[in-house]
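Participant: next come a sequence and a model predicted from it.
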Amino acid sequence: MPRRRTLVSASILDADLANLAENSRRAFRAGSDRLHLDVMDGHFVPNITFGPTLIQHLRHIGKRPFDAHLMISEPGRYLDKFISAGCNSITFHVEVEEPIEPTLLRIRKAGRQAGLAVKPGTPLSALEPYRELIDIVMVMTVEPGFGGQSFMFDAARKILPAHDLFRDRAPELPGGQVHVDGGVNRKSAALCGALGAEVLVVGSTLWKKNVDMAREIQLIKALADKGYEKGAPLRKGRAEAS
Ligand code: DX5
Ligand code: ZN
């Protein structure tokens, strides 16, 4: 058996949102390690989902971490509400047109993990100025906005070098995590694992009719871990989360 266990964060974007609490519990029961909450404002992306009030009401379903993925133009404006809602990590996009550093500092000050996401076309160099301020790099392998899109293999190339952003971190900081978001399923899990991704965001594939969610999550983790083992030579000399 491969040594490492890759984590899964189930995205509820494509779940039946009318039964969100039950569906989120189902994802935890099926072995999801975290819950990924896609917040969209119809401006930063061409879709609208939900906001912090819903997350707050959902918080009681379990103790496992909630990851907020903010696809909104003004994360700074709404940040406090996501903190109060009980999100354990808050990730927003480096492409937003407002100052990024103050928002990252506020997330950290609130004791939450701070993350930055990059769209497929955005280079990792955009994250360089913030490397000491982030705990999560979210590599998007689809254009943000919708579930059920195909995994972009080209964008996935960033997973491996994303770990370099966590190199030479101050010793008091916890190890950083790379999350991969978009099109992750049986076909793409092994590559994500090989490139060292710590957390796989898995959405639509879990919510399809007649899918045995527990089996699917187990399979995706196993494929990622197997990929991780095989990818060892690729990752030699790179920084990784412990
Ligand atoms: C897309 C979202 C994703 C989405 C992933 O903008 O950020 O989290 O739910 O869904 P799949 O796994 O279907 O690509
Ligand atoms: Zn997402």
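Facilitator: Ah, there it is. Ligands and ions are numbered 1, 2, ... in the order given.
Participant: only C-alpha atoms for contact and neighbour calcs from this point on.
Facilitator: Fine.
Participant: now do the SS call for the spatially most central residue of the chain.
Facilitator: In the chain, the residue lying closest to the centroid (CA atoms, centre = their mean) is H179, at 4.2 Å. Three-state call for H179 (DSSP: H, G, I helix; E, B strand; the rest coil): strand.
Participant: can you tell me how far it is from ligand 1?
Facilitator: Per CA to the nearest ligand atom, to the nearest Å, H179 is found 10 Å from ligand 1.
Participant: right, and that residue touches L200 too?
Facilitator: Yes. Counting by CA atoms under 8 Å, L200 is a contact partner of H179 at 5.7 Å.
Participant: hey, where'd the helices end up in the chain?
Facilitator: Ranges of helices within the chain are 20-29, 52-58, 75-84, 101-109, 153-156, 159-162, 189-194, 204-207, 213-230, 232-235, based on DSSP state H.
Participant: columns distance to ligand 1 on top of those, output as a markdown table?
Facilitator: Shown next, in a markdown table, are the helices of the chain (distance: least, CA to the nearest ligand atom, whole Å):
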| stretch | distance to ligand 1 |
| --- | --- |
| helix 20-29 | 13 |
| helix 52-58 | 15 |
| helix 75-84 | 15 |
| helix 101-109 | 19 |
| helix 153-156 | 13 |
| helix 159-162 | 16 |
| helix 189-194 | 11 |
| helix 204-207 | 4 |
| helix 213-230 | 12 |
| helix 232-235 | 25 |
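Participant: lowest confidence element among the helices and strands of the protein?
Facilitator: helix 232-235 (a mean of 91; mean pLDDT, DSSP states H and E).
Participant: how about that helix: buried residues?
Facilitator: Using 16 or more other CA atoms under 10 Å as the test for burial, helix 232-235 gives R235.
Participant: kindly report the same for stretch 153-165.
Facilitator: Buried residues in stretch 153-165 (16+ other CA under 10 Å): A155, A156, R157, K158, I159, L160, A162, H163, D164, L165.
Participant: any stretches of this structure with poor pLDDT?
Facilitator: For the chain, the stretches flagged by pLDDT under 70 are 1-3, 239-242.
Participant: now with 50, please.
Facilitator: Across the chain, the ranges flagged by pLDDT under 50 are 242.
Participant: residues contacting L124?
Facilitator: V118, K158, A162 (CA atoms under 8 Å, 6 or more residues apart in numbering).
Participant: report the contact partners of the first one.
Facilitator: Right, the one you point to is V118. H93, V94, E95, L124, V137, M138, V139, M140.
Participant: C-alpha coordinates for the least confident helix or strand of the chain, PDB please?
Facilitator: As requested, the backbone C-alpha atoms of helix 232-235 are provided in PDB (Å, rounded to 0.1, in the frame of the first residue of the first chain):
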ATOM      1  CA  ALA A 232       8.400  10.100  -6.300                       C
ATOM      2  CA  PRO A 233      11.200  10.700  -8.800                       C
ATOM      3  CA  LEU A 234       9.300  13.700 -10.200                       C
ATOM      4  CA  ARG A 235       9.100  15.400  -6.800                       C
END
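Participant: what residues does that helix touch?
Facilitator: Helix 232-235 is contacted from outside by L160, A194, L195, G196, using CA under 8 Å, 6+ apart.
Participant: closest to R215 out of those?
Facilitator: A194 (21.0 Å; CA to CA).
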